[in-house]
Each structure stands twice: as C-alpha cells, then as structure tokens.
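Undergrad: Here is my input, please return the structure:
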Amino acid sequence: MSRSVYGRRGSGDGALGRSQQPRSGRILYRVLWSMIFAVCKVLFRLRFEGRENFPSGPFILSPVHRSFIDTLVAGMATSRRLRFMGKESLWEIKPLGALLSALGGFPVERGTADRTALRAATDVLSLGEPLVMFPEGTRRSGDRVKREDMLDGPAFVAARAGVPIVPVGLGGTVRALPVGSVIPRPRRVVVVVGDPIPPPAKVDGRLSRRAVSEHTDRLFNELGDLYVEARVLAGQEPGPA
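TA: Numbering: from 1, shown residues only. Sure thing, here's the model as predicted:
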C-alpha cells in the first residue's frame with residue numbers, strides 16, 4: 001500500500017474474533033435497520049438507483065464521504081448486514097461502543113500502519129459479509145471527488161480477499177446534515193449504486209503496488225461519476241443540457 005489507511009493498536013483479541021458477531025447482534029441490526037429505513041424514507045425522501053448491482057456474495061461498499069450520516073444512508077441501500085470500521089475514539093463512549101459492536105462495527109485507529117485492522121477487514125469478507133470502507137478515509141468537502149484524497153485501502157483489501165468493490169454516490173447528505181449540525185434536516189437524499197469493480201489481479205500470487213494504485217484510479221473515476229449523478233438527482237446541481 002502506498003499510504004496507511006486504517007489501523008488499530010493490538011488489543012489482545014485476534015482479527016477473526018473482532019469479525020465474528022453473536023446472533024443477538026444480527027437480530028438487533030435487523031430491527032434497527034427496519035426502523036431507520038422507515039424514518040429515512042420519510043425524512044429524506046430517500047431514493048435509490050442501481051440496487052440490483054449488489055453482488056450476492058461478500059463485497060466492499062465504498063461510498064463517497066461528505067456527512068456523518070453517509071454510513072447510515074448507504075447502509076439503507078441493502079438489507080444485508082454491513083460491517084464497518086469506526087474510529088477508535090467512538091468506542092471510548094461505552095454505551096455507543098457497545099451498540100456499534102452489536103451492529104457489526106469494530107474500532108480502528110486511523111493514520112497508523114496496522115496489519116491487524118486489515119486482517120480484520122479480510123476476515124469479515126471471508127465470513128461472507130459485506131464491509132464498508134470509505135476510500136476517502138474521512139469526511140471531505142467539495143462538489144467533486146479528488147484523486148489525492150483517495151486511499152488504497154479498499155483496493156488492497158479487495159485484492160487480498162478476492163472480492164469486488166461497489167462504489168456508491170450519495171447526493172444531498174450534506175444538506176440533510178451539514179458539518180456542525182447534530183439534528184438532521186428534511187432534505188432529499190439519493191443513493192446511486194455503481195457496477196461492482198472486480199478485484200485487481202495478482203501475478204504469481206503477488207499483488208503489486210502498481211496494480212493497487214491502478215485499481216484505486218478506477219474506483220476514483222467510478223465514484224466521481226456516481227457522486228455527480230447522485231447530486232444531480234438530489235437537485236444539488238443542474239443536470240446535463
């Protein structure tokens with residue numbers, strides 16, 4: 001990898017242990033998903049495009065990231081339980097950390113090179129579960145996706161696990177929950193699911209940095225187009241003449 005994307009200091013438990021979830025967590029996820037879906041449909045007039053593009057097996061869901069509600073909104077696009085990495089500080093609030101863990105989240109410390117976090121991501125996928133990885137790493141601003149903001153984490157994990165990446169454009173989430181706001185606003189939100197991007201090929205069982213970078217290039221191009229499309233459908237900018 002050309003840059004570190006996600007990491008976490010060792011906590012004594014193995015990556016596989018962090019990936020597995022009890023039955024109670026799956027039930028809780030289903031109940032909360034149904035409730036949140038109903039609220040989002042009404043509050044955001046939530047619209048989906050391309051939901052048929054989701055593969056039946058494991059995949060990496062890679063949305064654009066502009067608002068705190070992006071994970072929530074992107075998760076409404078599929079009824080399958082999604083696993084996600086969260087910044088470690090969220091688990092310092094014990095009730096929140098317990099809830100996030102029950103819903104399939106696991107903590108990582110961003111900005112450090114940590115093989116354990118990448119192993120955990122691979123283990124989640126090996127269990128057949130979809131995993132959310134933001135290719136921009138953190139929330140960004142602006143009307144376009146920038147190549148310099150793209151990280152190689154999703155491409156690297158996709159190649160290691162042999163799973164596709166599903167890019168997702170989100171339109172309207174910034175207006176629904178602007179930076180600095182804590183209460184969502186009733187604004188139209190659109191989720192556009194792109195075609196799955198197959199994992200980069202290995203040569204003689206090895207994955208080159210060039211292959212990972214080129215895969216990230218492709219993800220950047222796809223995600224950029226989907227973000228523009230989602231913004232147009234959400235009424236954030238005029239459509240093509």
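Undergrad: if I look at residue 122, how far off is residue 60?
TA: Per Cβ to Cβ, to the nearest Å, residue 122 is found 10 Å from residue 60. Glycine gets a C-beta too; all of them are placed from N, C-alpha and C.
Undergrad: Find residues that contact each of these two.
TA: Common neighbours of residue 122 and residue 60 (criterion: Cβ atoms under 8 Å, 6 or more residues apart in numbering): residue 157.
Undergrad: Looking at this protein, which strand is longest?
TA: The single longest strand within the chain, with elements called by DSSP state E, is strand 165-171.
Undergrad: If you count contacts, what does that one end up packed against?
TA: Contact partners of strand 165-171 among helices and strands, from 3 or more Cβ pairs under 8 Å, 6 or more residues apart in numbering; DSSP states H and E: strand 60-63, helix 70-75, helix 153-161, strand 190-193, helix 209-233.
Undergrad: do you know how far residue 221 is from residue 209?
TA: 19 Å.
Undergrad: same question, residue 179
TA: According to Cβ to Cβ, residue 179 and residue 209 sit 34 Å apart.
Undergrad: got it, and residue 226?
TA: To residue 209, residue 226 is 26 Å away according to Cβ to Cβ.
Undergrad: Comparing these two, which shows the higher neighbour count?
TA: Neighbour count, other Cβ atoms under 10 Å: between residue 226 and residue 209, residue 226 has more, with 25 against 11.
Undergrad: Tell me which stretches of the protein form helices.
TA: Using DSSP state H, the helices of the chain run over 15-19, 23-43, 70-75, 94-102, 115-126, 153-161, 173-176, 209-233.
Undergrad: which one is residue 60 nearest to, not counting chain neighbours?
TA: residue 165 (4.7 Å; Cβ to Cβ, 6 or more residues apart in numbering).
Undergrad: Just send the helices and strands packed on strand 165-171 back as JSON lines, with mean pLDDT too.
TA: Converted to JSON lines, the helices and strands packed on strand 165-171 look like this (pLDDT from 0 to 100):
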{"stretch": "strand 60-63", "mean pLDDT": "96"}
{"stretch": "helix 70-75", "mean pLDDT": "90"}
{"stretch": "helix 153-161", "mean pLDDT": "91"}
{"stretch": "strand 190-193", "mean pLDDT": "97"}
{"stretch": "helix 209-233", "mean pLDDT": "95"}
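Undergrad: Could you save those as TSV and add columns showing distance to residue 30?
TA: Shown next, in TSV, are those (distance: least, Cβ to Cβ, whole Å):
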stretch	distance to residue 30
strand 60-63	18
helix 70-75	12
helix 153-161	25
strand 190-193	20
helix 209-233	26
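Undergrad: Quick check: which of these is nearest to residue 102?
TA: Closest to residue 102 of the helices and strands packed on strand 165-171 is helix 70-75 (Cβ to Cβ; 14.5 Å).
Undergrad: Show me which positions of that closest one end up buried.
TA: For helix 70-75, a neighbour-count test (16 or more other Cβ atoms under 10 Å) marks 70, 71, 73, 74, 75 as buried.
Undergrad: and if you look at stretch 77-95?
TA: Buried positions in stretch 77-95, judged by neighbour count with 16+ other Cβ under 10 Å: 77, 78, 80, 81, 82, 83, 84, 85, 86, 88, 91.
Undergrad: Nothing else from me, thank you.
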